[in-house]
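K.L.:
Fold the following.
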Amino acid sequence: MSLSPNGRHLAVWEGPLEYKLSVLNLAGTVLRTFTPDPDPGLGIRSVAWHPSGAFLAVGGWDDKVHILSSLSWTVVVTFELNARVPLGVKVWKEPANWLTKGPEGSFAEYNRGVGITALTITRRDGAKGLPKTGAAQIEWNLTGTMFFVRYESTSTALHIYNFPAPDEPFKPTLKTVLLHATPVTRASWNPVRAESLAISCSRPAVYMWTSNNEWVNDNAGDVEDEGAECIGVPGRSFVGTISVLIAIARTLGLPPFASSQEHTIQEPKNQFTRSLVAVSNAMGIDSTQLLAIGVGAAATCAALYLLGPKKRAPVLDPKEWKEFPLIEKIEVSPNTAIYRFGLPDPNDILGLPIGQHISVQAEIEGKDIMRSYTPTSSDDDRGHFDLLVKTYEKGNISRYLSLLKIGDKVRIKGPKGQFNYHPSLSRELGMIAGGTGITPMLQIIRAAMKNPLDLTKISLIYANVSKEDILLKAELDDLAARYPARFSVYYVLNQPPEGWDGGIGFVTKDMIEKHLPPTDSNIKILLCGPPPMMTAMKKHLDDLGHPAPRTVIKMSSSKSGNFISRLFHHKRKSQEKVSTAPATEPVETAESKPVTSKPVLYGFSASVWASAPSLALLDLKYPPGAVEEKEVNLLEGEKFTPEFIKINKNATLPTLVTAEKTYVDTAGSVEWIVLNAPTPGTKSAHQYVIVAVHRDNIDPNFLLLSARTQEELDSKRGDIPGQFIRQRQAKLEELAPKSPEDLKAWYKGKLELNGFFSSAYAEGASSDVTSGWFEKSKQHWENVKTFVTSELPGFLPETGFIDGIAPGEADFHVAAWLARTAGVSGAKVDDISLLGETLGLTLDPKIVAYFDAWKVRDSWKEVYATGLH
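P.N.:
Now for the predicted structure:
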């Protein structure tokens, strides 16, 4: 038996004895008994609940997987193992002979199975007892948007399926097939990253698959490809074991290891480290491999930390300004220097993750001026940190630093920023830097090269005006000489000296094509330089097939030019919040500061889902104006204009535009607001609740348009629902004929979809159309009733909120759903009783208590000041 994740239902089955499954509530009442028709007789092989508890997957010995919905406990879709690979399904195949030299240090990418259109299926005779066939393992990912099936009839394959999110059409499909040389013994989803999984087979290796749907390229409007790798698990070498565990930890999204010192790890001498090797040696033997990997990785992290040199706690504080004295000034060029600042203790570390930055503050002419810098030092440098700064004649902070005397102190706060480099972030990094834009690049290059376990290959194009302007050239040349297989640098000068053998002029497309890696899902490109240079680089990269860049960090403007840092293919969850001072100087280094423009939230005051981020902004105490809110009039079809489609190609509300990303749905918008609040919150542990309230079959938007009788339809035709549908249709018909060529298909699809609603609301609609609308409306209300009766109370606490004593991420979604559903029922902003009357039931006390907890909050009173909507 298996209890649903929401604790509301119990699935009970008899395994191979009978192909029958019963669903019970916790009172013991049998809600439904499922038996396939025809019954193949071999029975049930595996069962798996969707994280929300809204769906149940039942796999049989007959190679079929049935998905049951909690609304009626009937089958909504059935998948059957098929020898033919459907068109559009990706196939990845383990490369042949990649382990011939032994597992130690062996890494290989799966081959893309182009041309593979059929699988070999071996079905055993069912009359001989329990055959090795059927759906042996089914598992959903963290968010319920994918699941895999391990069919023993195709023992070397793993099938991965897409499962729609609540706001998507219900069309589950086969997404990917992974093929291996030996049978798959076990697979498991990453518990933190929703679209990554690990696989073990009958050999000393671990296989990793990741779907980069998590990394959306907003500017390009599409998603990046998926990837799969084979990782050999060594039997004896401790160094190899650590490198493999680190690679696995990186793929699984575990934190970076504590020590990255440049030294050789010797064969373990004590019992503790020998036991770690024993754990590592055990990997790859049987179905316990993945557990061993997890234990081994965690234990190895601990060993590296305990055996490495001790470091004191970081001295940086992201909330408090601290003072540090200048202890040395190293001239790099006539107007550029490295400023070395001392830490309180010789063994102290700054505590700055690679890729992040600090803020420097000074009082200049009665004003507090702040600038952000990326130190060129790292946490391997103890007792001090270094800033590389170019002095400008009119530069405030740069002149301030240039006038410091040894012993003078500066005020520092940090770390700041979201980008965090770690070993094997990607197979290759390409970098283009201009001037002091080398600073963040050098920090990453140093960290990668000094770590013997980091396999990343880095290629750098570094542009300057003259040879004298090349900063830290000796160090860059030394790194290239010491690590020729992993690091290369190509210099470009606008005013080259006689006999110069590097690039001349500006960085060109040909230079990029020759000296940087080609576009690939496992390659990232970093840019840092003056805006005109970045504009040109963006065009070159686009011409070469690289996706459009996503701005990760951007500096405030200045007359003489500034620097902008962009990262391709990088996913970030939240925008940093920094108070910025007026930029009155050329920026002297690649500053890791977000764009100074405010985040913009597009919504509509009467929109159900736009209310969720509005509630979050108010309840989490965002200062007025911290996020600019713009109204998009849904009644007049404003979201269909080409201007808004450029912002959100889905034309949905809410839409949140931040410095690093455009969030085109409610979930992303609310999550960003929660994580970036004045007192930052955390991601809700109740993601399944968010998934549940966004299901199409209980969509609160449709409730507003639904009509169960002719009388109700006639009433709504002359009211806001009718006006809404007519004006949407008119706007689409106005815009479609004059739309650009690349949007014509989009408008055609929207016209067809809205036409479905218009056909029911049209005067003189046929009885076939209206009767179908009535049935659809009745079923939708019945779905809502079932949800309110059977699921919603299970999500709610006896008192307070889902995420604690105050509302959290999940609460903002549930509140918006409940407000619209209750509002359509005629309920008031402070009285939900009419919802129960409309549904013909007595509301669960937990629903009433939850509504009462919301109605006294100021955020609720403001968002729903004119009534529930």
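K.L.:
C-alpha from now on. contacts and neighbour counts both.
P.N.:
Will do.
K.L.:
For the one helix or strand residue 723 maps to, name the packing helices and strands.
P.N.:
Using DSSP states H and E, the element containing residue 723 is helix 720-735. Judged by 3 or more C-alpha pairs under 8 Å, 6 or more residues apart in numbering; DSSP states H and E, helix 720-735 is in contact with helix 744-761.
K.L.:
just checking, what packs against the helix it packs on?
P.N.:
Applying 3+ C-alpha pairs under 8 Å, 6+ apart, we find helix 744-761 packed against helix 720-735, helix 767-786.
K.L.:
Need those helices in a markdown table (columns: distance to residue 800).
P.N.:
Output for the helices and strands packed on helix 744-761, formatted as a markdown table (distance: least, C-alpha to C-alpha, whole Å):
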| stretch | distance to residue 800 |
| --- | --- |
| helix 720-735 | 34 |
| helix 767-786 | 23 |
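K.L.:
can you redo the ones you listed as a markdown table with distance to residue 536, mean neighbour count and mean pLDDT?
P.N.:
As requested, these are arranged in a markdown table below (distance: least, C-alpha to C-alpha, whole Å; neighbours: other C-alpha atoms under 10 Å; pLDDT from 0 to 100):
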| stretch | distance to residue 536 | mean neighbour count | mean pLDDT |
| --- | --- | --- | --- |
| helix 720-735 | 33 | 18 | 83 |
| helix 767-786 | 53 | 17 | 90 |
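K.L.:
residue ranges with poor pLDDT in the stretch 201-350 of the chain?
P.N.:
Confidence mapping of the stretch 201-350 of the chain against pLDDT under 70 gives the ranges 212-225, 234-313.
K.L.:
Now with 80, please.
P.N.:
For the stretch 201-350 of the chain, the stretches flagged by pLDDT under 80 are 212-226, 233-313, 319.
K.L.:
Which parts of the stretch 501-650 of the chain are helices?
P.N.:
Per DSSP state H, counting those that start in this stretch, the stretch 501-650 of the chain carries helices over the ranges 509-515, 531-543, 611-619, 642-647.
K.L.:
which residues does the closest residue to residue 784 other than its chain neighbours contact?
P.N.:
The spatially closest residue to residue 784, leaving aside those adjacent along the chain, is residue 698, at 5.4 Å (C-alpha to C-alpha, 6 or more residues apart in numbering). For residue 698, the contact set (C-alpha atoms under 8 Å, 6 or more residues apart in numbering) comprises 780-781, 783-784, 787.
K.L.:
so which of these comes closest to residue 824?
P.N.:
residue 781 (11.1 Å; C-alpha to C-alpha).
K.L.:
doesn't residue 702 make contact with that closest one?
P.N.:
No - counting by C-alpha atoms under 8 Å, residue 702 is not a contact partner of residue 781; they are 9.6 Å apart.
K.L.:
other SSEs contacting the helix or strand hosting residue 814?
P.N.:
Using DSSP H and E, residue 814 sits within helix 809-824. Judged by 3+ C-alpha pairs under 8 Å, 6+ apart, the packing partners of helix 809-824 are helix 611-619, helix 666-675, helix 687-693, helix 700-705, helix 833-839.
K.L.:
now for the ones you listed, which one comes closest to residue 211?
P.N.:
Closest to residue 211 of these is helix 666-675 (C-alpha to C-alpha; 18.2 Å).
K.L.:
pull the CA atoms of the closest one into CSV?
P.N.:
Output of helix 666-675 as CSV, limited to C-alpha atoms (Å, rounded to 0.1, in the frame of the first residue of the first chain):
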residue,chain,number,x,y,z
THR,A,666,2.4,33.1,-11.3
ALA,A,667,4.7,30.6,-9.8
GLY,A,668,7.9,32.2,-10.9
SER,A,669,6.7,35.7,-10.1
VAL,A,670,5.7,34.8,-6.5
GLU,A,671,8.8,32.8,-5.9
TRP,A,672,11.0,35.7,-6.9
ILE,A,673,9.1,38.1,-4.7
VAL,A,674,9.4,35.7,-1.7
LEU,A,675,13.1,35.1,-2.2
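K.L.:
avg pLDDT for it?
P.N.:
Confidence for helix 666-675, expressed as mean pLDDT, is 92.
K.L.:
Packing partners of that helix?
P.N.:
Packing partners of helix 666-675 (3+ C-alpha pairs under 8 Å, 6+ apart): helix 611-619, strand 655-657, helix 809-824.
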